[in-house]
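# Here's my sequence, what's the structure:
(2 chains)
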Amino acid sequence: MKALSQNRRHPMVGVALLLLGLLLTGGLYSLASNINSASAYSQADYTSADNISDGETLFNANCASCHGIGATGGPAGPSLVGVGAASVDFQVGTGRMPLQMTGPQGQEKQNQFNEEQTMQLAAYVHSLGTGPSIPEDEYLDTDHADVNLARGGDLFRVNCAMCHSASAGGGALTRGKYAPTLHGVEEEHMYEAMVTGPQNMPVFSDSNLTPEDKRDVIAYLKEFETQGHPGGASLGSLGPVAEGLFVWTGGLALLIGFMVWMTTRSS
Amino acid sequence: MGEQRHGDPGTPGTVERAGDDSGNFAIEDPGLPPHRPRITDEDPRAAKRAERQVSFLFILSIIGTIIFFVGYFGVGQLPLDETDMGLIRLQNTLLGLGTAFAMLGIGVGIVQWGRALMPDHEWVEERESVANEEDRSDAVNMINDIVDESQIKRRPLLRNTLIGALAIAPLPAVAMFRDLDNSGNQSDDPAQNFGVERMRHTMWDTGTRLVRDVTGTPIKAEDVTIGSALHVVPDGLLDLEHDKLNQKAKAVVLLMRLNPEDMQISDGREDWHVDGIVAYSKICTHVGCPIALYEQHTHHLLCPCHQSTYDLTQECKVVFGPASHPLPQLPITVDNDGYLVAQSDFQEPVGPAYWERDPRPAEERGA
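So this is what the prediction gives:
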């Protein structure tokens, strides 16, 4: 203790305290977020009356201000009758809903509801009118015996790559909208996005891409994720824009540095 | 300018003032700056240090070359599992680092050698004087001799037939290049298979079924829900043995369904859609990128190359970007089995900047 009090005016004390504080908050945060995501929830039947009534309570408290009582739509939000449970599971499960603020497009963020609450909301909206359901596990199993990765790649390049980019890193659309990256998106949410067409994404209904087609696409994307980047840094997989920026700033700065060094006189 | 040629490696740094004509200039010629010796010129230990630096850089280059070969042969000889990206990445890293060190080591080393050790006295080298008058007249005489001896002036028949022969000799090449791609011949009428005519037509024809790209399955009208986007090719394209990509590049179509109330339909196109299901060419009319960035709520189609934006509700009119004319629409209908089919080929050529596009408005050209 004596050593501590003697060194309390040491110039490095501030730095040490700062590091300690950062470590503490970071550790606590990762612990807390782990606990949050560890709230395991078994997929319950979203037609049960309990879930529907709990979902209605949650909906009226959190969603009705925009979507209206009974989800019939309001001035700030569309009607949710008939959008289906898949839509709710995608929008709420990825944190896009409730919307943080209005803008060109709702953004992915920290979930506001846990899985059980999401399921209750989905049950309530499902009860208002049938729409696409939450996909069955069979169609999310990327290790399924019938999965054809090459076909999934073909389907991805024809149907998805123009917006989400060939490396699934996402891309820009008009007036502030964008197609998000698909890296790290859960299988369930990929499937639901295809079948419901959230926001400005087109719908890829089962009559366009069959559930097996969707499973191939998802399996391809998951395989893609595990492949890594043989060329080194991926720079966000954004393609020539990121690479060009890197070369023009980093590469040119390096060249200019060499030029300056070559033309200065040795001391 | 005065004499500035001076200096030799033994007596570096002497500066000679400009000559007497320096008074003619507004600013007096300052001559060369005074020469300051470097540390390496004066301190033998510093020179030794610079020598070690340079040779270290050269050794770095040698190590780089060895690293390259370790990556190329060493890692390359390992039994590579094709799914093991880690090893491929390691190999790429070694190849890149090795080449970079090998090249940079030599380059940086030589530059440092020049900066620190080689003599750095200033040296002005005068320009060689321009060739003198005698050489010039020699050359002129030579050309005149050639003209005289070849008799090209006295015998105009020779000259004129030579010019004629040279002028038409390249024409076979033009004909050959024009017909180089003979693979796309489709029509029995040879006149249809050349140049512009071949670009004018696609695989779409009356009754050609619309099928999904990749899977090749035909499409029923009820399969196309509002908000969905289907990527479509003509039936039979996926089975083509050759020229498949060329045909696909001309014929690809994006199929979408709108609420018929939202659509602004011009005269003559009233029956080109099926209950709001519309088919448009996927080839941007700017420089021909495939357009399929469909925003289902704004009904905009965006081209990823140069941000040309087409409004689907206004028959794909250009609302933003460099494209000059709307996307061609494919007239579609439903056949007896309920599948979507084309009524005909496109009524105008697909793709960018077509050179014989009919400039008249639609009603005059009877589209």
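# which stretches of the stretch 151-300 of chain B form strands?
Secondary structure of the stretch 151-300 of chain B, counting by DSSP state E, counting those that start in this stretch: strands at B:210-212, B:229-234, B:253-257, B:277-281, B:293-295, B:300-302.
# Run through the residues that contact A:Leu238.
A:165, A:169-171 (CB atoms under 8 Å, 6 or more residues apart in numbering or on different chains). For glycine as for every other residue, the C-beta is placed from the backbone atoms N, C-alpha and C.
# Okay, and which of those map to strands?
Mapping those onto strands (DSSP state E) picks out A:Gly171.
# possible to save the contacts of A:Leu238 as a markdown table with neighbour count?
Formatted as a markdown table, the contacts of A:Leu238 follow (neighbours: other CB atoms under 10 Å in any protein chain shown):
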| residue | neighbour count |
| --- | --- |
| A:Ser165 | 19 |
| A:Gly169 | 19 |
| A:Gly170 | 18 |
| A:Gly171 | 22 |
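# would JSON lines of the contacts of A:Leu238 with pLDDT and distance to B:Met103 be doable?
Putting the contacts of A:Leu238 into JSON lines (pLDDT from 0 to 100; distance: CB to CB, whole Å) gives the following:
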{"residue": "A:Ser165", "pLDDT": "86", "distance to B:Met103": "33"}
{"residue": "A:Gly169", "pLDDT": "85", "distance to B:Met103": "31"}
{"residue": "A:Gly170", "pLDDT": "86", "distance to B:Met103": "36"}
{"residue": "A:Gly171", "pLDDT": "84", "distance to B:Met103": "35"}
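# Which of the contacts of A:Leu238 sits closest to chain B?
A:Gly171 (6.9 Å; CB to the nearest CB).
# ok, now which ones touch that closest one?
Applying CB under 8 Å, 6+ apart, the residues contacting A:Gly171 are A:163-165, A:178-179, A:238, B:304.
# Helices - which of those land there?
Per DSSP state H, helices hold the following members of the contacts of A:Gly171: A:163-164.
# So for the contacts of A:Gly171, which is the shakiest by pLDDT?
Ranked by pLDDT, the contacts of A:Gly171 bottom out at A:Leu238 (73).
# Look up the closest residue to whichever residue of the stretch 51-200 of chain A sits closest to chain B, ignoring the ones flanking it.
Nearest residue of the stretch 51-200 of chain A to chain B, counting by CB to the nearest CB: A:Asn200, 3.9 Å away. Spatial nearest neighbour of A:Asn200, excluding adjacent residues (CB to CB, 6 or more residues apart in numbering or on different chains): B:Glu295 at 3.9 Å.
# so the one you found makes contact with A:Arg175?
No. Using CB atoms under 8 Å, B:Glu295 is not in contact with A:Arg175; the gap is 9.4 Å.
# ranges for the strands of the stretch 1-150 of chain A?
According to DSSP E, counting those that start in this stretch, the stretch 1-150 of chain A contains no strands.
# thinking again about what came up before, now the two most distant members of the contacts of A:Gly171.
Farthest-apart pair in the contacts of A:Gly171 is A:Cys163 and A:Leu238; separation 13.2 Å (CB to CB).
# rewinding a little: which of the contacts of A:Gly171 sits closest to A:Asp216?
A:His164 (15.7 Å).
# Identify the bridge partners of the closest residue to the closest one other than its chain neighbours.
Closest residue to A:His164 apart from its sequence neighbours, by CB to CB, 6+ apart: A:Ala179 at 4.9 Å. Beta-bridge pairing for A:Ala179 (DSSP bridges): A:Gly171.
# Run a quick neighbour tally on A:Ala179.
22 (other CB atoms under 10 Å in any protein chain shown).
# Next up, the contacts around A:Arg175.
Contacts of A:Arg175 (CB under 8 Å, 6+ apart): A:Pro104.
# switch to 10 Å and redo it
A:104-105, B:295, B:298, B:300, B:302, B:309, B:320 (CB atoms under 10 Å, 6 or more residues apart in numbering or on different chains).
# Can you give me the domain assignment for chain A?
Chain A breaks down into these domains under automatic domain parsing: A:49-128, A:137-237.
# hmm, back to that, the contacts of A:Arg175: which two are farthest apart?
Checking those with CB to CB, the most distant pair is A:Gln105 and B:Phe320, at 17.9 Å.
# For the stretch 151-300 of chain B, which residues score under the pLDDT cut-off?
B:178-199 (pLDDT under 70).
# Quick one: name the residues of it near chain A.
B:212-215, B:217, B:219-220, B:222-231, B:233, B:252, B:254-257, B:282, B:289-300 (CB under 10 Å from any CB of the partner chain).
# re the thing from before, between A:Gln105 and B:Phe320, which one's more packed in?
Neighbours per residue, other CB under 10 Å: of A:Gln105 and B:Phe320, the larger number sits with A:Gln105, 19 against 15.
# Ramachandran angles for the nearest residue to that one once chain neighbours are set aside?
Leaving out its chain neighbours, the residue that sits closest to A:Gln105 by CB to CB, 6+ apart is A:Lys177, at 4.8 Å. Main-chain torsions, A:Lys177, degrees, to the nearest 10: phi -80, psi 160.
# ok so, going back, work out for me the element the residue of the stretch 51-200 of chain A closest to chain B sits within.
For A:Asn200, there is no helix or strand it lies in under DSSP states H and E.
# circling back to that earlier point, give the contact list for the residue nearest to A:His164.
A:105, A:160-165, A:168-173, A:200-201, B:293, B:295.
# thinking again about what came up before, quick one: which of the contacts of A:Gly171 is nearest to A:Val13?
A:Leu238 (42.9 Å).
# Can you report phi and psi for the closest one?
phi -90, psi 0.
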